[in-house]
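# Compute the structure for the input listed below.
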Amino acid sequence: MNWLLENDVDALEMSFVYSSMVNGKLTEQELLNGGDKKIVTNSNKTEFVELMCQKKSTRGIEKPLEIILESFSQILKADILNGMCSSELKRILSGSLELDLNDWRINTIYKGGYSDCHIVIEWFWEVIETMTNQERFDLLLFVTGSSSVPFEGFSALRGNDEISKFCIEKWGDATSLPRAHTCFNRLQLPSYNTKHNLKSKLQQAISNGMSYSIE
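Reported below is the predicted structural model:
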């Protein structure tokens, strides 16, 4: 292929056709509609090489690839995909590489006597702010069972096949470790008497293999 790009091809009289041996017989497939009538020239040889490389890379897997693409299109429609760049698609498939703390806090609900202005909750978010990105993902995994966030953000967190926002519930006493109910994205957080104690207990719960009292 490099030879074609680096040399004069006008006199070769090649067409936009892929030739291969199938069961001992030479077969030809057009690389594009009307390819058998389109001659490769110096002006279009780059297009020919690109089509030929694409054909060779998918040779023998056309049908499985077609099935995969058809299934994928049921999740993301073609009109949506056409307007996306690769980084946006990667974010949808893999989740964000960083957690938006503001989005996280706005879309958190509280139970058991906690509220956004409760001192323990204020300490909690202050502790989150001091965490590394990986530690935040570990906390998210501990509470939700997943280390990724939906493309739409924390408002779209799901549990039991329905929208279930991140929840912090007052529970237990200051000697207990936090525990999680992953089916409901719920963190049961004791009312600790200091921020240092809260941070220590939270880190201990997460470092215990994220399996401590998970239900």
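# what domains does the record give for this protein?
Following automatic domain parsing, the chain resolves into domains at 2-94, 101-207.
# quick one, which of these is packed in tightest?
Comparing the domains of the chain by mean neighbour count (mean count of other Cβ atoms under 10 Å), domain 101-207 comes out on top with a mean of 16. C-beta: built from backbone N, CA, C; applies to glycine.
# Give me the mean pLDDT for it.
The average pLDDT for domain 101-207 rounds to 94.
# residue ranges for the strands of this protein, please.
Remark: strands assigned in the chain by DSSP state E are 17-22, 25-30, 108-111, 158-159, 162-163, 166-170, 179-181, 186-189.
# measure the nearest residue to Ser20 once chain neighbours are set aside to Gly35 for me?
Nearest residue to Ser20 in three dimensions, chain neighbours excluded: Thr27, at 5.9 Å (Cβ to Cβ, 6 or more residues apart in numbering). To Gly35, Thr27 is 14 Å away according to Cβ to Cβ, to the nearest Å.
# just to revisit the earlier point, as JSON lines, the strands of the chain with distance to His196 would be great.
Shown next, in JSON lines, are those (distance: least, Cβ to Cβ, whole Å):
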{"stretch": "strand 17-22", "distance to His196": "68"}
{"stretch": "strand 25-30", "distance to His196": "69"}
{"stretch": "strand 108-111", "distance to His196": "22"}
{"stretch": "strand 158-159", "distance to His196": "31"}
{"stretch": "strand 162-163", "distance to His196": "35"}
{"stretch": "strand 166-170", "distance to His196": "19"}
{"stretch": "strand 179-181", "distance to His196": "20"}
{"stretch": "strand 186-189", "distance to His196": "15"}
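# Looking at these, spot the one closest to Asp8.
Nearest of these to Asp8, taken as Cβ to Cβ: strand 17-22 at 20.0 Å.
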